[in-house]
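>>> Build me a model from this:
(chains A and B)
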Amino acid sequence: MATATCTTNTPKIGEKPKLLVLRRISAYFEGVFSPHFDLIKAEESSLPLPAFLSTHCRDIRAVLIAAPYGMFGSSLLDQLPSLGIVACTTAGVNHIDVDACRKRGIAVTNAGEMFTPDAADFAVGLLVDVLRKVTMADRYVRNGLWMLKGDYPLGSKVSGKRVGIVGLGSIGSHVAKRLVAFGCPISYFSRAPKPNYPSYRYFPNVLELARESDVLILSCALTDETRNIINRDVMVALGKDGVIINVGRGALIDEPELVRCLKEGVIGGAGLDVFVNEPEVPEELTHMDNVVLSDHRAVTTPEAFKGVLELAIANLDAFFSGKPLLSPVSC
Amino acid sequence: MDKIGVLVAFKPLPYLEQELTRRGCRLFRLWETPESPVLEFCRQNAADIQAIVGNSNYGADAAMIDALPKLEIVASFSVGLDRVDLPKCKERGIRVTNTPDVLTDDVADLAIGLAISVMRRIPSADKYARSGAWKKGEYTLTTRFSGKRVGILGLGRIGLAIAKRAEAFDCPISYYSRSDKSHPNYTYHSTPVDLAANCDILVVACALTEETHHIVNRAVIDALGPKGVLINIGRGPHVDEPELVAALVEGRLGGAGLDVFENEPHVPEELFALDNVVLVPHVGSATIETRTAMADMVLGNLEAHFLKKPLLTPVV
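Got it, this is the predicted structure:
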């Protein structure tokens, strides 16, 4: 895992390299970047973006992309002839035309593994919650029902459940490591088998993985291949006691079908941090007690943000001093 | 176990009740008449009761034991035996069994689940996601669990199972125990306060005895501090509950995940408004898999006793 530390050789005033910021960033982000870079903020200009870029950004070598606000592609790249690096503070780069950047010799860096531990922790937390009914039991207690109605219905044991991980990348492998300590046998689907993990069982497709799993944990990137990778067939294969945990992207699951499968008891439960059209959460899910829902907070910890911002600064510093980048995105 | 009289102190798992009946036991269901005094119930049926099946809340104290002259065995549907008067049983020659090992995983799983739940505010997240109030672009910051220092009070079966899981999250492990276990990877602290001062998450995982009553007191809570989190999967009386509640309400303690309380099913209502606590109704071993295994252990111990075979898990 790439570790990043804040650079201590902050340039003198007037010598800070210019860093283009297209959209408004938080005061926190600004506070972290401004000691190191001369922030050129496109949104503060009254000029429309293309005019701003062509007027003020011909010499811009670095741009910071802090959130996915629309595609950063050729039309913008054409206005930035000196651009050499696109530093993203997100793990996913679907909002960057990485191919177009590569063709122009522009490097793209991302959040590396800075979000990984929190995403993995949250996946495990959701799994324990769904199987052991933690959130529901907490609600039961707070509503005074333990006094009134007695013991809460039994949950299902987490240890030893067969876990199937969809996408054994950084997050998936960290989830696996955690659940191994719970005595869970690990299987996975990935584009290719991973020789680094000989004790995890590889399946060439998600359907077969689901058949041999009690739990599916989704931790892969959203691409054309993985959109709706969890469909009805997969859920039927997972079975009536099966649980799906999603800390990837909402669109990995056929969401209307998920709702149907939960309603009909085709699967047993789900823990969902992400949805197809956030912040919209399918209304029917909000009435179910065999699901745990979350507001896309799996990775938002101060520790992750600190790490991500330090990594972005380290990547930018490396770029400006001609050194190897720490978390370049490979196409 | 034909015609053996068994006093069942609590409402049992249906499987356990069915199996006891199938084997010919006569069941005396103490839990069915909560208004009837326990001792009176015992005296009325004293001639017939040879066994008690108790649990973490209902055991056999000295008065009950005295009221049951035919009592031969107390088979507890729990691993903790703080509700059974063990010296009295020993004195009377009454056998006592519990259900160790089969529930270790469940309790350890819950301890870790509660810690993540508290630190990442999962119940709050769920409530918010269901509320319709979630706005685009908003995100909630919650503190990371991985890498936090985990301190465990009691390094027995359950403590070790918790440590093993926490290690997988890169949490440095330290512990307090009656004696130094010289564990290669875990740091020993000779007092609970010292342990609390040196960890971020303190987990109670020891047996409840006279010595460990209120082991988590004001001094320990102060040492754990405003960023510290307490996880209790032991017994309610391990913690000075009024002190805990005050510390949480006043922000002197960072959070708590509680499975047990001093006076179950009563939970201090001041905790209900806090989103840095997670409260569950004594569900440490509450899975169908584990409760069935515990029932099998109780049945196995009872059968062994009445067939004059060695007990499976004797404590006395």
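>>> so how many other residues sit close to residue 312?
Since no chain was named, I'll use chain A. For A:A312, the neighbour count with other CB atoms under 10 Å in any protein chain shown is 29. (Each C-beta comes from the backbone N, C-alpha and C, glycine too.)
>>> nope, chain B
19.
>>> care to break the chain down by domain?
I went with chain A, as the question did not name one. Under the assignment automatic domain parsing, the domains of chain A span A:18-114+A:302-321, A:116-293.
>>> try again with chain B
Domain assignment for chain B, taken from automatic domain parsing, gives B:5-100+B:288-306, B:104-279.
>>> Can you lay out the ones you listed as CSV showing mean neighbour count?
CSV is the format used below for the domains of chain B (neighbours: other CB atoms under 10 Å in any protein chain shown):
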stretch, mean neighbour count
domain B:5-100+B:288-306, 19
domain B:104-279, 20
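>>> Put together TSV for those, with mean pLDDT and distance to chain A on each row.
Listed next are the domains of chain B as TSV, based on pLDDT from 0 to 100; distance: least, CB to the nearest CB, whole Å:
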stretch	mean pLDDT	distance to chain A
domain B:5-100+B:288-306	95	4
domain B:104-279	97	3
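>>> And these: which comes nearest A:L218?
Comparison of these against A:L218 by CB to CB identifies domain B:104-279 as nearest, at 17.0 Å.
>>> For the stretch 51-200 of chain B, just list every one of the helices.
B:62-67, B:86-92, B:104-120, B:122-131, B:157-167, B:192-197 (DSSP state H, counting those that start in this stretch).
>>> Can you lay out those helices as a markdown table showing distance to A:G250?
Output for those, formatted as a markdown table (distance: least, CB to CB, whole Å):
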| stretch | distance to A:G250 |
| --- | --- |
| helix B:62-67 | 56 |
| helix B:86-92 | 55 |
| helix B:104-120 | 19 |
| helix B:122-131 | 12 |
| helix B:157-167 | 29 |
| helix B:192-197 | 41 |
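>>> now, of the domains of chain A, which is deepest in the fold?
Of all those, domain A:116-293 has the most neighbours on average by mean count of other CB atoms under 10 Å in any protein chain shown, namely a mean of 20.
>>> For it, measure first residue to last.
Domain A:116-293 has an end-to-end distance of 20 Å (CA to CA, to the nearest Å).
>>> returning to what we had before: out of the domains of chain A, which gets the lowest mean score?
Lowest mean pLDDT within these: domain A:18-114+A:302-321, at a mean of 93.
>>> Show me which residues of the stretch 201-331 of chain A sit near chain B.
With CB under 8 Å from any CB of the partner chain as the criterion, the stretch 201-331 of chain A comes near chain B at residues A:278-279, A:281, A:285-286, A:292-297, A:300-305.
>>> so how far is B:V96 from B:A205?
Remark: distance between B:A205 and B:V96 (CB to CB, to the nearest Å) = 22 Å.
>>> Please convert the domains of chain B to JSON lines, extending it with distance to A:I96.
Output for the domains of chain B, formatted as JSON lines (distance: least, CB to CB, whole Å):
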{"stretch": "domain B:5-100+B:288-306", "distance to A:I96": "46"}
{"stretch": "domain B:104-279", "distance to A:I96": "19"}
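>>> looking at the ones you listed, which is closest to A:F52?
Nearest of the domains of chain B (CB to CB): domain B:104-279, 22.6 Å.
>>> now B:V278, what's its secondary structure?
For B:V278, the assignment made with DSSP: H, G, I helix; E, B strand; the rest coil gives strand.
>>> and it, what does it touch?
B:V278 makes contacts with A:134, A:138, B:114, B:117-118, B:122-123, B:256-258, as judged by CB atoms under 8 Å, 6 or more residues apart in numbering or on different chains.
>>> which of the residues you listed lies closest to A:L154?
Comparing the contacts of B:V278 against A:L154 with CB to CB places A:V134 closest, at 13.4 Å.
>>> so the closest one touches B:I122, yeah?
Yes. Contact criterion CB atoms under 8 Å: A:V134 and B:I122 qualify, at 7.1 Å.
>>> Quickly list what's touching both of these two.
Shared contacts of A:V134 and B:I122, defined by CB under 8 Å, 6+ apart, are found at A:292, B:278.
>>> how about the strands in the stretch 201-331 of chain A?
For the stretch 201-331 of chain A, applying DSSP state E, counting those that start in this stretch gives strands covering A:201-203, A:215-218, A:243-246, A:269-272, A:291-293.
>>> Show me the one of these that comes nearest A:G84.
strand A:215-218 (34.9 Å).
>>> Which helix or strand contains the nearest residue to B:A196 once chain neighbours are set aside?
Leaving out its chain neighbours, the residue that sits closest to B:A196 by CB to CB, 6 or more residues apart in numbering or on different chains is B:A223, at 3.8 Å. Taking DSSP states H and E as the criterion, B:A223 maps to helix B:218-224.
>>> neighbouring contacts of that helix?
Contact partners of helix B:218-224, identified using CB under 8 Å, 6+ apart, comprise B:192-194, B:196-197, B:199, B:202, B:230, B:240, B:243-244, B:247, B:252-254.
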